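Asks: Model the following, please.
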Amino acid sequence: MSVKSKIHKISSKLYILRTPNFDAKVTFGVGSSDVANAPKGFNSAKSKLDHIPLGEKGDFLYEMHSMVCESPNKLRLLKTRRDFILGEGLEVRTKVVKDGKKQYEYVDDAETNLMEDWVEDNRLNALISEAALQICFSARAYIKLTLAINAQPEKLELIDVFHCCPARSDKLDNGITAYKLNPNFGNKLYKKEETKTLPAFDFSNPIKYAVSIIDLRQDMPGQIFHPWAEWWGTKNWTGVSNKVPKFHNSGLDNGYNLKYHFSIPDDYFRKDEYTEEEVDEETLKSQILSEMAASLAGTDNVDKAFFTFHKVMADRGMVSEVKITPLDNKMSDTAYTELFNTANVAQASGHGVLPSLAGIDTGSKLGGSGKELEAAANYQQGFLTWSDRELLLTIPRIVQKLMNWDRNKQFVFRNISLYTYDVTPKNTTQNQNQQP
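Replies: A predicted model of the protein is given here:
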């Protein structure tokens, strides 16, 4: 698409070349049903919606997804948090009592092997991993549970958060009792007749429905139907960090500052052969400047020229020709780099990931020593993952109940253990071929 630049008159003797801005803007209208989202009037008797979308038009997740795709580190932050939540995966431990104290240990017995085999045969770790990333992105994961004839779990499937919404209910105090499934919620391909309905899993009666939806979500005050992922609060900082590389990318192509100064004689546009009725001075000036603007309007020189007018005074060095003066570009990007780093730290905090573990330089050499990095990783696993892990463990605990496994057995996430050297070898030359 060609972009036409225009000359804008700032004063009687100063003009500047300006190109229209065609940047696409995405807006998000906040509704009034949940405090921060859901459309206005969804619970009205006049509403035609059979589900409760997230966002005024149901496209809020698309907006967040687009922001993730544009960011150089957003997806990595989501996956980093997921990886710390998962650790080394599920493990079965047995409750034992020693010295009057309850503790959980790994016991290699028949029941443990049976549970571990079920986890492996049904790819439960893979399902938990997928659900963890969904929770990191949207604070929610939908699991479709199908029961066999004997009321044991036959199949567990992850339903993408884009494809599932709570069903509309006239009785808001009853919470969510059903879910609507459609692959095109929030986009133009949506067709109501393609929507399927499934009941919500009944925790008080797990075998009530042959097929149901288990809704894993991080509840938040005021958010009755849709949770609110804390990293969504980094939207503005994400926008800042995304603009910095765009600024430099444009600056490298087009230059960072004004490139040219055109100085034009005052009488340059006075043409004696034209009468005032045929063409006046201002019209001719506008036509010629527009032609000059068109010649400068490519991708390489956008908005990088301004025009002034001077008196023709030959005795003082002001001649009747047009003078074109290239301008020096003196630009320091230190401030932009610092802003980019600050935005990244803010984003990491919003994702619940310690900046040093996200690979962000905070001025302390990415976390300092190996011991400091190990302490940060242990803190992340020990204190910042518990609630997410408890949410994800809902799935294996439901399976355990349906399979009637020993209640003294418990599923846990096994932490990743780090090893760092406490002492640096003194004689590096003699020990360089030894294995650690």
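
Asks: Once you drop chain neighbours, what's closest to Phe411?
Replies: Closest residue to Phe411 apart from its sequence neighbours, by CB to CB, 6 or more residues apart in numbering: Pro396 at 4.2 Å. Backbone N, C-alpha and C define where each C-beta goes, glycine included.

Asks: no wait, Leu78
Replies: Nearest one to Leu78, counting by CB to CB, 6+ apart, is Cys136 at 4.7 Å.

Asks: How about Glu88?
Replies: Arg414 (4.3 Å).

Asks: ok now do the one you found, which residues does it touch?
Replies: Counting by CB atoms under 8 Å, 6 or more residues apart in numbering, Arg414 makes contact with Gly87, Glu88, Gly89, Leu90, Glu91.

Asks: which SS class is the second one?
Replies: If I follow you right, that is Glu88. Using DSSP: H, G, I helix; E, B strand; the rest coil, the secondary structure recorded for Glu88 is coil.

Asks: Neighbours of it, how many?
Replies: The number of residues packed near Glu88 is 11, by other CB atoms under 10 Å.

Asks: Now do the contacts for it.
Replies: Contacts of Glu88 (CB under 8 Å, 6+ apart): Phe413, Arg414, Asn415, Ile416.

Asks: How about the secondary structure of the third one?
Replies: Following three-state DSSP, the label given to Asn415 is coil.

Asks: Next, count neighbours for Gly186.
Replies: Neighbours around Gly186, by other CB under 10 Å: 20.

Asks: Quick check: it touching Pro53?
Replies: Yes: Gly186 sits in contact with Pro53 when judged by CB atoms under 8 Å, with a separation of 6.4 Å.

Asks: helices and strands of the chain: which one bottoms out on pLDDT?
Replies: One helix or strand of the chain scores below all others by mean pLDDT, DSSP states H and E: helix 428-431, with a mean of 42.

Asks: Let me know the secondary structure of Lys235.
Replies: Strictly by three-state DSSP, Lys235 counts as helix.

Asks: Per-residue pLDDT of it, please?
Replies: The model reports Lys235 with a pLDDT of 75.

Asks: how close does it get to Leu133?
Replies: 19 Å (CB to CB, to the nearest Å).

Asks: Looking at those two, which is more packed in?
Replies: When Lys235 and Leu133 are compared for neighbours, Leu133 comes out ahead with 19 against 15, by other CB under 10 Å.

Asks: Name the residues that touch the helix or strand where that one lies?
Replies: Leu133 belongs to helix 124-138 when assigned by DSSP states H and E. Here helix 124-138 makes contact (CB under 8 Å, 6+ apart) with 61, 64, 68, 78-79, 81-82, 85-86, 89-90, 118-119, 140-143, 156, 158, 160-161, 216, 218, 227, 229, 231, 351, 388, 391-392, 395-396, 399.

Asks: Buried subset of those residues, written for PyMOL?
Replies: Only the buried entries of the contacts of helix 124-138 go into this PyMOL selection, using 16 or more other CB atoms under 10 Å:
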select buried, resi 61+64+68+78+81+82+85+86+90+118+119+140+141+142+143+156+158+161+216+218+227+229+231+351+388+391+392+395+396+399
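
Asks: beta partners of Ile214?
Replies: Ile143 (DSSP bridges).

Asks: what's the neighbour count on it?
Replies: Ile214: 19 neighbours (other CB under 10 Å).

Asks: Helices of this protein, residue ranges please.
Replies: Secondary structure of the chain (DSSP state H): helices at 60-70, 74-86, 110-121, 124-138, 235-254, 281-295, 334-350, 370-383, 386-392, 394-403, 428-431.

Asks: who touches the third one?
Replies: Put plainly, it is helix 110-121. Taking CB under 8 Å, 6+ apart as the rule, helix 110-121 contacts 90, 92, 94, 106, 124-125, 396, 399-400, 403, 405-406, 409, 411.

Asks: any idea which of those is the one closest to Ala377?
Replies: Nearest to Ala377 among these, counting by CB to CB, is Leu90 at 19.7 Å.

Asks: I figured the closest one hits Val412, correct?
Replies: Yes: contact between Leu90 and Val412 holds when scored by CB under 8 Å: they sit 7.4 Å apart.
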